[in-house]
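*Asks:* Next come a sequence and a model predicted from it.
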Amino acid sequence: MRGIAFCEMEKITFKSNDGLKITADYYRVENHNNFIVLCHRSHCNRAEYRETAPKFNKLGYSCLAIDQRSGMKIFAETNETKNRAKEKGLPTGYLDAKPDIESAVNYAYKLNGNKPIYLLGSSYSASLALLTSSQTDKIKATIVFSPGEYLKGINLAEQIKTINIPIFATSAKKEIEQVSEVLKFVDKKYITHFKPRVEGFHGSKTLWETVKGYETYWKALEQFLKNIN
């Protein structure tokens, strides 16, 4: 892309709100359009975005893919944040990862010149991304794959009804109704709900080239990004 210089992925660390060190992959683009924080699904880690983040780079977005404390070793990569949490005796449930996402938003906000960033979540982290987006002004838009009522003790649909920023939401075909339920109280003018005709896949893995119809998701997402830039 003209005017954009790509950099090698860099593994970095920064602290969560409670002091736990978070590991992240930083995919930096000079003269970027904006910054995207990438959050993984359950039983996973930052490697969920090894294929996806470079594609966002080519669209002009710097990315920060984090290890949340709720995750595990997979895709030939260790979830280093989860390991540190276990060593410290910290809980590693879905809601326990919220400070990690909030801290990543704050960190990326600074890297972005103190300008609002984009937040992308996958599965349980999609739910946390929506919850976080309803509580801060540091997020310009939210992208969620397969959000649901995964957060114990929280009625997510009720909690996020005040969101007033653009949302791109999608999922596997069988999860369309689930996504609609989570977003049912959010003003429809903020929502772009891509409802796939292909079967798709749970979470952001539906963007992977191994998933049949992945390109239809990318086309819809790219159009969303163009519309809000």
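*Replies:* Looks like it arrived, so ask away.

*Asks:* Show the contacting residues for Ile176.
*Replies:* Contact analysis of Ile176 by CB atoms under 8 Å, 6 or more residues apart in numbering lists Lys195, Pro196. For glycine as for every other residue, the C-beta is placed from the backbone atoms N, C-alpha and C.

*Asks:* For it, report the pLDDT, please.
*Replies:* Here the pLDDT value assigned to Ile176 is 98.

*Asks:* quick one: it is in a strand?
*Replies:* No: counting by DSSP: H, G, I helix; E, B strand; the rest coil, Ile176 is not part of a strand but helix.

*Asks:* From Tyr214, how far off is it?
*Replies:* Distance of Ile176 to Tyr214, given as CB to CB, to the nearest Å: 17 Å.

*Asks:* Also Leu64?
*Replies:* 22 Å.

*Asks:* What are the boundaries of the strands in this structure?
*Replies:* Taking DSSP state E to define them, one finds strands in the chain at 5-6, 10-15, 21-27, 29-30, 34-39, 61-66, 117-122, 139-145, 167-170, 191-193.

*Asks:* what would those strands look like in TSV with mean neighbour count and distance to Glu51?
*Replies:* Listed next are the strands of the chain as TSV, based on neighbours: other CB atoms under 10 Å; distance: least, CB to CB, whole Å:
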stretch	mean neighbour count	distance to Glu51
strand 5-6	12	15
strand 10-15	13	17
strand 21-27	22	12
strand 29-30	16	17
strand 34-39	27	12
strand 61-66	26	11
strand 117-122	28	13
strand 139-145	24	14
strand 167-170	24	17
strand 191-193	16	23
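
*Asks:* Burial check on Gly19, number of neighbours?
*Replies:* Using other CB atoms under 10 Å, Gly19 has 9 other residues around it.

*Asks:* Now do it against Ala85, distance only.
*Replies:* 11 Å.

*Asks:* what do these two both touch?
*Replies:* Joint contacts of Gly19 and Ala85 (CB under 8 Å, 6+ apart) do not exist.

*Asks:* Can you tell me which of the strands of the chain is nearest to Ile101?
*Replies:* Among the strands of the chain, the nearest to Ile101 by CB to CB is strand 34-39 (5.6 Å).

*Asks:* What sits closest to Ser123 if chain neighbours are left out?
*Replies:* Arg41 (3.5 Å; CB to CB, 6 or more residues apart in numbering).

*Asks:* OK, contacts around the residue lying closest to Arg46 once chain neighbours are set aside?
*Replies:* Closest residue to Arg46 apart from its sequence neighbours, by CB to CB, 6+ apart: Ala65 at 4.2 Å. Ala65 makes contacts with Ala24, Asp25, Tyr27, Leu38, His40, Arg46, Ala47, Glu48, Tyr49, Ala53, as judged by CB under 8 Å, 6+ apart.
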